[in-house]
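*Asks:* predicted structure and sequence below. I'll ask about it afterward.
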Amino acid sequence: MIMDPGQSMLKGVTFIELHDPPAPPLNTWWQLLKGILIMKMSVLLLTVSGILVKYHYEYNPNVTIYDMVFVRAFSQLLMSYVIARREKVNLTDIPDHQWRLVIIRAITGTMTFFIFNTAVKLISLSKVAFLNNTSPIFATIIAFMFLGEAITRSEVASLSICILGVAILVQPYGESTQEQTENTLGSILVLMSSFLNAVNYCLLRMMKEIHYCISPYYYGILGTLSSLPFIFNTEFTYLQQALPTRLGPIDYLLFFLVGASSALGAISKSLAFQYEKVSTLSMLKYTNLFYSLAADVMLFQSHIYPGEIVGATLIVSSSFIIAVLKYYRVI
């Protein structure tokens with residue numbers, strides 16, 4: 001019997017099939033809750049930014065929507081660039097299949113800038129927060145349909161608690177015709193912003209392959225460039241009519257605070273989606289209702305009804321339920 005030379009050479013040799021090492025188990029509380037905690041910080045920072053925007057509009061009526069869009073967009077552009085340089089990230093080295101997502105995210109992010117800042121000027125913060133927090137409903141559906149993310153029973157239960165809390169927060173708004181008109185227009189704008197936010201959440205989740213600072217960088221560029229022509233036009237009108245300057249030192253201080261809180265919040269949000277799925281993180285946005293209601297009472301002297309307190313409590317507790325379930329690996 002003639003033996004194949006290859007067989008004789010390989011005889012007695014043991015082959016080991018190599019695989020990628022298994023992912024390390026998530027044992028620490030930080031590993032388990034990283035995405036949730038970062039998103040909570042993002043929600044707080046973005047809410048603070050919204051409160052500052054609302055206060056600034058009331059402090060100085062000459063401040064325009066375009067001023068706010070520019071400040072928030074340019075701050076994100078600057079901070080994203082600094083992070084990219086520090087972490088040696090190439091902001092143009094993006095896979096071909098990710099470029100389309102980056103461009104769409106830049107457009108939807110800029111549209112959200114304009115729409116949200118317009119709505120804040122028209123209606124109360126608590127009303128903005130209530131309507132803006134319909135985005136988890138859109139996000140969960142979009143993530144289920146297009147990203148293939150499963151919806152667990154625990155998340156359905158938590159989302160139901162959120163919806164119940166939001167429903168309790170609904171109150172009649174507007175005593176005059178002008179107030180009712182502004183409320184209607186503002187409400188439509190916030191709902192549009194809410195849908196765009198849901199789209200943004202899904203886009204961020206789909207961009208996990210690229211660095212978290214790239215998305216804020218590009219829609220920071222677009223927001224900055226799209227707002228500048230309106231600002232130049234406003235300044236030209238003031239110069240042409242020899243009007244006194246519309247901005248003072250306090251305005252620039254408020255711009256700085258708005259920009260810093262907005263940029264940190266946006267970058268934190270991009271980072272959070274690197275670690276957690278859309279449906280879980282989108283529900284955490286409900287916690288900003290509590291902060292907005294507190295600001296309405298303490299800063300803007302808005303009347304708060306007992307039902308709003310109950311609704312805010314339900315919303316905050318639903319967020320706590322998500323964190324607990326995540327920690328014990330139920331979801």
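*Replies:* All right, it came through fine.

*Asks:* tell me if I'm right that L91 and P216 touch.
*Replies:* No. L91 lies out of contact with P216 (Cβ atoms under 8 Å); the separation is 10.8 Å. (Glycine included, C-beta is placed from N, CA and C.)

*Asks:* among those two, which residue is more densely surrounded?
*Replies:* P216 (31 against 16; other Cβ atoms under 10 Å).

*Asks:* secondary structure element for the more buried one, which one?
*Replies:* helix 214-240 (DSSP states H and E).

*Asks:* sort out which residues of the next helix or strand after that helix are buried, please.
*Replies:* Next helix or strand after helix 214-240 toward the C-terminus (DSSP H and E): helix 249-272. Going by neighbour count (16 or more other Cβ atoms under 10 Å), the buried part of helix 249-272 is 251, 254-255, 257-272.

*Asks:* how many residues are close by T245?
*Replies:* Counted with other Cβ under 10 Å, the neighbours of T245 add up to 10.

*Asks:* that one - nearest residue in space that isn't next to it in sequence?
*Replies:* Closest residue in space to T245, ignoring its immediate chain neighbours: Y238 at 7.4 Å, by Cβ to Cβ, 6 or more residues apart in numbering.

*Asks:* how about low-confidence regions in the stretch 101-250 of the chain?
*Replies:* Scanning the stretch 101-250 of the chain with the threshold set as pLDDT under 70 gives 133-138, 140-141, 147, 149, 154-155, 165-176, 179-180.

*Asks:* one more pass at 80, please.
*Replies:* Where the stretch 101-250 of the chain drops to pLDDT under 80, the residues are 123-124, 126-188, 190-191, 194, 198, 200-202, 204-209, 212.

*Asks:* show me where it has helices.
*Replies:* 125-132, 135-142, 153-168, 177-206, 214-240, 249-272 (DSSP state H, counting those that start in this stretch).

*Asks:* and L37, which of those helices is closest to it?
*Replies:* Closest approach to L37 among these (Cβ to Cβ): helix 249-272, 8.4 Å.

*Asks:* quick check: angle from that closest one to helix 177-206?
*Replies:* 40 degrees (axes from the mean of the first three to the mean of the last three Cα atoms, to 10 degrees).

*Asks:* thinking I267 is in contact with C213, fair?
*Replies:* Yes. In terms of Cβ under 8 Å, I267 counts as a neighbour of C213; the distance is 6.2 Å.

*Asks:* now the common contact residues for these two.
*Replies:* Residues touching both I267 and C213 by Cβ atoms under 8 Å, 6 or more residues apart in numbering: 79-80, 83.
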